[in-house]
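Trainee: no FASTA, just this:
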């Protein structure tokens, strides 16, 4: 078509309408009949009232494309779907009618671009045939404005022609202002012109020339003053983020012409937001489920910047529409308003390969212009040339995936070069993973931004040495390149750094004498050949070298002390080939010499004499006063004289030698390994120990892993230890090397080592951290055995008490370590123990249905889960099945599965009906013992959790697996006439969520009330009396009650002695407990998070739970069936809360509150005393006849 790339892109994206000339070329290019030109022209130019097929109200009937715009701005042709901004659009039209320069100012994500595209421009076109020249200032505002004007005035020109014309116009604008160019464009078009400067903040974030910024603002002020608003045929409107408004009006003249003509864009109110949701749906004949609009509006709130989140969520809802309806289920699936972007981003990120995920981090951080800490402005997206990203592995695939997900947008610059950028700054604000990347790498990214500015200067004048990096700047650049690795730095910046370093070296060596200079300039691989050649003339060359060393002859401009350490070392190495004194000097000055040079020295000095050999052996053991050593260098020189395997001299220094090796630049590690030769085999054990030592710096561990993968490929035992204890991200590659190794002996050695790790005992005394570390280590070994299709000893070790760390870690690692889902199903079907079945179901919860190899395999697994839910006697397995089914297909209906109390004691759970028609499920606990409280070495414990005291419970009891819900509690309040429960919708907005803010007395009353509902004829209770000696607290009470504090901890721990019922690994807390990190500062329905090993949901976190006891400090004496003190002023609370950290969700954590007070962080769950088991029971009246 021979049209500029930017015009084609903007037409295809709908950011501008095509001209007749464009349509002529388009029709010819795709082979359509000429009459289609008129049809297409009318299609693009029609208004809602005249569009074919539109209703009288302008409703668009076509369902062919989404009526919502996601993260993209509304376009002119989207005006029929643009709702909720009519009043501010009219205000903008009135403003621009009387002035020649107006601004739209609002928060990021408030819809500034959409207001102009879909509000202002269509309104102007209805008045008169306005032309629109839209541009973004970018780093070169004059070039951007000129490009927009030229392409508008000359649509028939080629890209090259327009680029040349734009460059010429931009230069004229810089020197003479913008007025003349705009006026010429108006005359050529013979129609009024709107110049639209979109995202005007780019002038401050992208343009690095402060003088150009000031000049451009001055020229805009000139334009406004020279073109009276009422009569001007040219107008300018700009959109500006509110956080940059101060920088714009800091220019006095620009402020004077703009300040009275600013249209502020506030957040949309609820009615406007409703219109923005409902009207586009109506235009597409699309229905929304009852309550969905209000639910979305509640989620959106009034926060500025939530508009793109809303549009993105609605776009994802459109993609998931069912039979022309937007549903609550789909809304939850896309992550709701707040989580839609992050949910979609995480979906895309999770689908990428590990290599693509690494690339995505490098890509996305380069697409953001980060703000310095403490300075004005937020992180902003950066339009980036694709060529700048070409060095990233598989970057095209990653860009395509993120673009398909509407998270990135591709375009081209004014020269037609492809660009890519984040589709909206809401992505930067809403995606926590990206935020953490930016925050973690902020200093590094700021350095890249500064260096890129200097790089652009160098690119403009590459022959000028002053544009290169020098001194501190070069050292800083090389430091970042070394610490971050070459993959983290753009290839063009690497080229710039290398060029600067080359200049630095050239300046040092440019006066080198030709003959000796070869010693210093040749590659290390060629150094031996050069020295050998020069040695043929040693009598002459030796003296020349000594003169240079003494400074009598200049090798380069300046004095001899310009020589670097490596220069001197090379020169003296040449001398050492024939001079023992110089050889001794070489032996004392090994630090800073690279491995290849050392390997050359080994050959030059061979055979190494006795004095030098002893000197080098001393260096192996020596550490300098500055903490550095030359042992690695000495080891290279001694490598050819390594002792036999039974000599322990190398083994004795292996750990120190390994530490020094791993501190080397990774780019040089292969050379070090090659230079060390036979010595490497003595380092394998210490390399492995370093790789699995979590106290070692992560980068060092990673280096150890990469070394071992190269030098220990035949050591199955070491690779097995790496797989079990090495850095997690290295696991996949290590296991791949293991499982694909063709040598059977490697497999056997690996499996033997894995079994050994699996059997490691817990040390008698060990810290929490060590117990967690051991659990993770053993779990990784178990997962790796399963990768070999071996289940040896795994099921037997899946136990809860006293330490569930291995079983819990296995449940969380299996999917991550790519254990086939079918392997877990097979183990579940064979597991003889209920605890093993519980943990296997916890592990299966990390898999999606499509993780199974076939649909039939998943169906078999699901049938097994449903069968276990009905028939397994374990409360843990029963609840785990509910939780797992909820994550998969919601096939379990709790109202259909009834189970009365089992008098024999075989089944450890039962159900009962509720007045609301649902069912409660209870876990049964038999008599036993525990240590109440926390041990002194438990992290984050409080003193009032001790001393630990042995406690015995002699009676059987049951605890409900969920907290009492708001719906259940409000029914109780209504039927008993109780009043006073405040509006708790902020924290518990659904009937299925736990009630919050009940008093202790109300909780006790609830137990009594439910008893009367389910067991007619039970003892009467006077509700609302608020008495401390409540009937449900009496020993003889047989109905529902609150658990005692000892019963609560017994049920919570489920036999464990760890900080939580799942172990002590706080990194897993979000899977079991609603805390301040994951709750969204509210409660949630039971069954979303994992149950504890006794089948209780939300026993950690969510809300503090009332216990029956008065609060008192623990005594140290043993107790049996403790019920707390006889009186007190506060009742015990247990469990933690949604607004607190993981510390308060520990099994032993205690709290207390005045029983008559309410608080939004308090709830309760029911308990009751149950009959002791009668194994010989053969029928008759079932105890607890109301159960089932």
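Mentor: Yep, it's here. Just so you know, these numbers come straight off a predicted model, no measurement behind them.
Trainee: give me the element residue 293 is part of.
Mentor: Element membership for residue 293 (DSSP states H and E) is helix 292-300.
Trainee: show me what that helix is packed up against.
Mentor: Packing contacts for helix 292-300, counted by 3 or more Cβ pairs under 8 Å, 6 or more residues apart in numbering; DSSP states H and E, involve helix 270-283, helix 307-319, helix 328-333, helix 336-351. (Each C-beta comes from the backbone N, C-alpha and C, glycine too.)
Trainee: if we go to 7 Å?
Mentor: The helices and strands touching helix 292-300, judged by 3 or more Cβ pairs under 7 Å, 6 or more residues apart in numbering; DSSP states H and E, are helix 270-283, helix 336-351.
Trainee: columns mean pLDDT on top of those helices, output as TSV?
Mentor: Shown next, in TSV, are the helices and strands packed on helix 292-300 (pLDDT from 0 to 100):
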stretch	mean pLDDT
helix 270-283	90
helix 336-351	85
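Trainee: closest to residue 998 out of these?
Mentor: Proximity to residue 998, assessed across those by Cβ to Cβ, is greatest for helix 336-351 (27.9 Å).
Trainee: identify the residues contacting the closest one?
Mentor: Applying Cβ atoms under 7 Å, 6 or more residues apart in numbering, the set of residues contacting helix 336-351 from outside is 296, 299-300, 306, 309-310, 312-313, 316, 334-335, 357, 360, 401-402, 405, 407, 426-427, 430-433.
Trainee: cool, stretch 730-739 as well?
Mentor: 354, 702, 705, 709, 713, 716, 719, 722-723, 726, 750, 784, 787-788, 817.
Trainee: again, but for stretch 1179-1188
Mentor: 898, 899, 900, 901, 903, 910, 911, 912, 1014, 1015, 1170, 1171.
Trainee: quote the end-to-end distance of that stretch.
Mentor: One end of stretch 1179-1188 to the other measures 15 Å (Cα to Cα, to the nearest Å).
Trainee: same thing with stretch 814-829?
Mentor: 17 Å.
Trainee: buried residues in it?
Mentor: By 16 or more other Cβ atoms under 10 Å, the buried positions in stretch 814-829 come out as 814, 815, 817, 819, 820, 821, 822, 823, 824, 825, 827, 828.
Trainee: what's the answer for stretch 538-555, then?
Mentor: 541, 542, 544, 545, 546, 547, 548, 549, 555.
Trainee: pLDDT on stretch 710-718, on average?
Mentor: Mean per-residue pLDDT for stretch 710-718: 93.
Trainee: equivalent analysis for stretch 547-565, please.
Mentor: Mean predicted confidence for stretch 547-565 is 68.
Trainee: before we move on, what about stretch 68-79?
Mentor: 86.
Trainee: before we move on, back to that, how far does the helix holding residue 293 sit from its chain's centre?
Mentor: From the chain centre to the centre of helix 292-300 is a distance of 26 Å (Cα atoms, centre = their mean, to the nearest Å).
Trainee: stretch 374-385 now?
Mentor: That offset, for stretch 374-385, works out to 19 Å (Cα atoms, centre = their mean).
Trainee: what about it, how long is it end to end?
Mentor: 29 Å.
Trainee: contacts for it, please.
Mentor: 138, 201, 205, 243-244, 366-371, 417, 419-422, 425, 428, 438.
Trainee: now list the buried members of these.
Mentor: Buried, going by 16+ other Cβ under 10 Å: 138, 201, 205, 243-244, 366-371, 419-420, 422, 425, 428, 438, out of the contacts of stretch 374-385.
Trainee: residues near residue 403, how many?
Mentor: Using other Cβ atoms under 10 Å, residue 403 has 14 other residues around it.
Trainee: which residues does it contact?
Mentor: Neighbours of residue 403 in contact, by Cβ under 7 Å, 6+ apart: 409, 410.
Trainee: from residue 1161, how far out is it?
Mentor: Applying Cβ to Cβ, to the nearest Å, the value for residue 403 to residue 1161 is 44 Å.
Trainee: residue contacts, residue 357?
Mentor: Contacts of residue 357 (Cβ under 7 Å, 6+ apart): residue 349.
Trainee: how close does it get to residue 732?
Mentor: For residue 357 relative to residue 732 (Cβ to Cβ), the value is 12 Å.
Trainee: Provide a list of residue ranges in the stretch 751-900 of the chain with pLDDT below threshold.
Mentor: Within the stretch 751-900 of the chain, the ranges that satisfy pLDDT under 70 run 893-896.
Trainee: for this protein, what helix or strand is lowest in average pLDDT?
Mentor: helix 36-45 (a mean of 54; mean pLDDT, DSSP states H and E).
Trainee: ok, then the element right after it?
Mentor: helix 86-98.
Trainee: quick check: next helix or strand after that next one?
Mentor: strand 101-106.
Trainee: that next one pairs with which strands, and in what direction?
Mentor: If you go by DSSP bridges, strand 101-106 pairs up with strand 234-241 (parallel), strand 262-265 (parallel).
Trainee: list of residues touching the first one?
Mentor: If I follow you right, that is strand 234-241. 96, 100-105, 107-108, 112-113, 116, 120, 182-183, 186, 193-201, 220, 223, 227, 248.
Trainee: what of the shortest one?
Mentor: Contacting residues not belonging to strand 262-265 are listed as 88, 91-92, 95, 102-106, 110-112, 115 [Cβ under 7 Å, 6+ apart].
Trainee: by neighbours, which of these wins?
Mentor: Neighbour tally across the contacts of strand 262-265 (other Cβ under 10 Å): the maximum, 28 neighbours, falls on residue 111.
Trainee: so what's that residue closest to, chain neighbours aside?
Mentor: By the measure of Cβ to Cβ, 6 or more residues apart in numbering, the closest residue to residue 111 outside its immediate chain neighbours is residue 307, 5.2 Å from it.
Trainee: look at the one you found and say how many residues are nearby.
Mentor: Neighbourhood size, residue 307 [other Cβ under 10 Å]: 27.
Trainee: how much space between it and residue 709?
Mentor: Taken as Cβ to Cβ, the span from residue 307 to residue 709 is 49 Å.
Trainee: quick one: the residue lying closest to residue 1167 once chain neighbours are set aside and residue 993, what's the gap?
Mentor: Ranked by Cβ to Cβ, 6+ apart and with sequence neighbours excluded, the top spatial neighbour of residue 1167 is residue 1043, at 3.8 Å. Using Cβ to Cβ, residue 1043 is found at 21 Å from residue 993.
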